[in-house]
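>>> structure, please.
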Amino acid sequence: MSELPRGWEMAALGDVCSQPAQRIPDDDEEFIYIDIASVDRTLKTVSEPQQLKGAGAPSRARKMVNTGDVIVSMTRPNLNAVALIHEQHNNCIASTGFDILKPVEVEPRWIFAAVRSAQFVEAMCEKVQGALYPAVSSADIRKYQIQVPPRSEQTRIAQKLDELLAQVDTLKARIDAIPSLLKCFRHSVLAAAVSGRLTAASRERIDSATPEQPPLVFFEREQSTAPLNWRWEKLITLAALESGHTPRKSIPAYWDNGDVPWISLQDIRAADGTVIYETKHMPTMLGIDNSSARLLPKGTVCFSRDISVGFVTIMGRSMATTQHFANWVCRDALLPKYLMFAFMAARNHLLRSGQGSTVKTIYMPALKELRLLLPPIEEQTEIVRRVEQLFAFADQLEAKVASAKTRIDHLTQSILAKAFRGELVPQDPNDEPASVLLERIKAQRAAAPKAKRGRKASV
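Numbering: from 1, shown residues only. Have a look, this model is predicted:
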């Protein structure tokens, strides 16, 4: 521990925080219950407490909390489920899974800052006992040593922390909103690409197709007006439709030491919208030959027609697939990547058109009726190039967002560390030293009655 700023002292949390009162709610009493799930671990706030009646309350609903208390979850301390109790949760009842820190003449926000620090989390993780239900004890928490500035300085630091951490929260909220914006951006790119708007400037007139019109439809009546030189075609005339199959798992010779890439539902979820080269499971060629599966050529577009309807990928080499997929082997007039983008753009429409209430399925007869809005092959090539370029831009921005989120998370801890070093606000030599404060707290606690347990009338 480095040298403390002038007027500061070290103390255990238990030296500056008293114990909470406990009681059993009356059977007909209605009360607000704060359990571990009620704490938003990101915002460090009580977000969704429950309203219960005493008769149906869990046995853990015992600890009284008041404004200014700091609650610390004793289970899974690595998750740092901590919160400062505000006025709206005064006189609520919390789970016995929390240690309730009731600051005595110490700024509650200073205690709150201490228990949300990386140093506190690390110290508690070292005290964890139990593998299935990792937890620390209240004694472990209360033995943790914190820096104690003079009382007036605590308030100044807490006010500065409120200001700075509010700015960090604003940054977090803005950063957290970007992934959904990028999702909308990618959807807009696909919609513009397969409607003809992305390449409209290269044609003689602006097209009438709208971004809401899917490029793949089941019925002729659903076809929109085609852009200039585009046409509606049955997909089955542009690509051969192949199914897949699963070799029998009970026959070891079909799977042991297999080397045939075989796309499963797990694979297609991971590879959605990309080219797939490797698969988790690999049967043998003997297994493929003795099933209804077949080895399909590189460039085959693999579309999930049930369970995970709408997921799509392109085979990066010769592969087989499970029976859950419709596989399209494109002919010369259709680029595999253009077809993949068309499936992605039409995903919601195709999902709505599937049959079944719990598990959606698009059956083979319906797939054979699919109609595709088809541009000339040269325009398909340009569309694919532009979509990949714009998607690459979105991917780069996404990587920068992920990096920024990491830096912002570190920023909170950097600000807290600065506060604990006494570098966040100027010191005032006229402040009462923390040593005097701690002596007063010690005397006050010695004279205070013990916290009571038991029942209490409804509040």
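
>>> which SS class is residue 83?
strand (DSSP: H, G, I helix; E, B strand; the rest coil).

>>> what is the neighbour count of it?
Residues lying near residue 83 (other C-beta atoms under 10 Å) number 27. To be clear about C-beta, it is placed using only N, CA and C from the backbone, and glycine gets the same treatment.

>>> over to the one 4 residues further on?
By other C-beta under 10 Å, 8 other residues sit near residue 87.

>>> who's in contact with it?
Going by C-beta atoms under 8 Å, 6 or more residues apart in numbering, residue 87 touches residue 67.

>>> one more time with 10 Å
66-68 (C-beta atoms under 10 Å, 6 or more residues apart in numbering).

>>> likewise residue 79?
Neighbours of residue 79 in contact, by C-beta under 10 Å, 6+ apart: 36, 39, 41, 73, 121, 134.

>>> helix/strand/coil for the nearest residue to residue 335 once chain neighbours are set aside?
Of all residues not flanking residue 335 in the chain, residue 380 sits nearest, at 4.7 Å (C-beta to C-beta, 6 or more residues apart in numbering). Classification of residue 380 using three-state DSSP returns helix.

>>> residue 380: what's it in contact with?
193-194, 199, 333-335, 337-339, 341-342, 374.

>>> so which of those residues sit within helices?
Using DSSP state H, the members of these that fall within helices are 193-194, 337-339, 341-342.

>>> any of these buried? List them.
Of all these considered here, the ones buried according to neighbour count by 16 or more other C-beta atoms under 10 Å are 193-194, 337-339, 341-342.

>>> so can I have TSV of these showing distance to residue 233 and pLDDT?
Putting these into TSV (distance: C-beta to C-beta, whole Å; pLDDT from 0 to 100) gives the following:
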residue	distance to residue 233	pLDDT
193	17	94
194	13	93
337	17	98
338	12	98
339	11	98
341	16	97
342	12	97
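
>>> now the helix or strand hosting residue 395, how far from the centre of its chain.
Per DSSP states H and E, residue 395 falls inside helix 377-420. Centroid separation for helix 377-420 versus its chain: 16 Å, with C-alpha atoms, centre = their mean, to the nearest Å.

>>> now that helix: average pLDDT?
The pLDDT scores in helix 377-420 average 94.

>>> over to stretch 164-175?
Mean predicted confidence for stretch 164-175 is 92.

>>> ok, stretch 150-158 next?
Mean predicted lDDT for stretch 150-158 stands at 97.

>>> hey, C-alpha coordinates of it in PDB?
Below are the C-alpha coordinates for stretch 150-158, written out as PDB (Å, rounded to 0.1, in the frame of the first residue of the first chain):
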ATOM      1  CA  PRO A 150     -11.500  13.300   6.200                       C
ATOM      2  CA  ARG A 151     -15.300  13.400   6.100                       C
ATOM      3  CA  SER A 152     -15.500  16.700   4.200                       C
ATOM      4  CA  GLU A 153     -13.100  15.400   1.600                       C
ATOM      5  CA  GLN A 154     -15.200  12.200   1.200                       C
ATOM      6  CA  THR A 155     -18.200  14.400   0.200                       C
ATOM      7  CA  ARG A 156     -16.100  16.400  -2.300                       C
ATOM      8  CA  ILE A 157     -14.700  13.200  -3.800                       C
ATOM      9  CA  ALA A 158     -18.200  11.600  -3.900                       C
END
